[in-house]
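Novice: Here is my input, please return the structure:
(one chain, ligands or ions: 1)
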Amino acid sequence: MEKSLSERVAYLRGLAEGLGIGRESGEGRVLLEISDVLQDVALGISEMESRVIEHEERLDSIDEDLAAVEEDLYEDEFDCVDVECPHCKETVCLDAELLDDDLEMCCPNCGRAIFSTERDGEDAIEEGQGGAGGGRGGSPASS
Ligand SMILES: [Zn+2]
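Specialist: A predicted model of the protein is given here:
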């Protein structure tokens with residue numbers, strides 16, 4: 001296993017001491033000063049490492065929370081029912097619970113009232129024009 005930075009700095013300082021490098025000589029002073037700086041750097045890095053770990057854990061928990069929120073949102077979408085608006089012929093999404101109550105609702109696209117169930121009475125007459133753009137309904141297609 002690889003030694004940590006602070007362990008290596010500690011080893012370096014022990015080595016300098018063992019070799020009798022003191023602050024008397026110019027080189028000795030420089031070397032000991034360098035090892036002091038290295039020790040500070042090693043301390044700073046290990047502090048940053050623990051902060052990174054802390055942030056990663058926090059990020060993980062935020063990620064989990066977000067996943068739970070997304071799950072709730074998708075669950076809500078299951079209550080959504082596609083209905084074709086009798087006025088603008090747009091397929092719109094309506095709340096299934098409100099549909100069950102047979103309430104009148106407005107089309108989110110054109111703003112006109114939609115009835116909860118498809119009535120096969122009056123609306124069925126308009127059925128033919130629905131498709132491509134409307135306009136000319138003159139030529140009867142032989143089917
Ligand atoms: Zn509409």
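Novice: I'd like the next helix or strand past the helix or strand hosting residue 15.
Specialist: Secondary-structure element containing residue 15, defined by DSSP states H and E: helix 5-18. Past helix 5-18, heading to the C-terminal end, the next element that is a helix or strand (DSSP H and E) is helix 26-77.
Novice: if I look at the spatially closest residue to residue 113 that is not a sequence neighbour, how far off is the ion?
Specialist: Setting aside the residues directly before and after it, residue 113 is nearest to residue 104 in space (C-beta to C-beta, 6 or more residues apart in numbering), at 5.3 Å. For the C-beta atoms, the positions are set from N, CA and C on the backbone; glycine is no exception. Look at residue 104 and the ion: by C-beta to the ion, to the nearest Å, they are 13 Å apart.
Novice: For residue 104, give me the pLDDT.
Specialist: Turning to residue 104, the model gives it a pLDDT of 74.
Novice: Kindly report the same for residue 22.
Specialist: At residue 22, the model reports a pLDDT of 85.
Novice: tell me the contacts of it?
Specialist: 28, 32 (C-beta atoms under 8 Å, 6 or more residues apart in numbering).
Novice: Backbone dihedrals for it, please?
Specialist: Dihedral pair for residue 22: phi -110, psi -180, per degrees, to the nearest 10.
Novice: For the most centrally placed residue in the chain, give me its contacts.
Specialist: If you average the C-alpha coordinates of the chain and look for the closest C-alpha using C-alpha atoms, centre = their mean, you land on residue 66, 6.7 Å from that point. With contacts defined as C-beta under 8 Å, 6+ apart, residue 66 has no neighbours.
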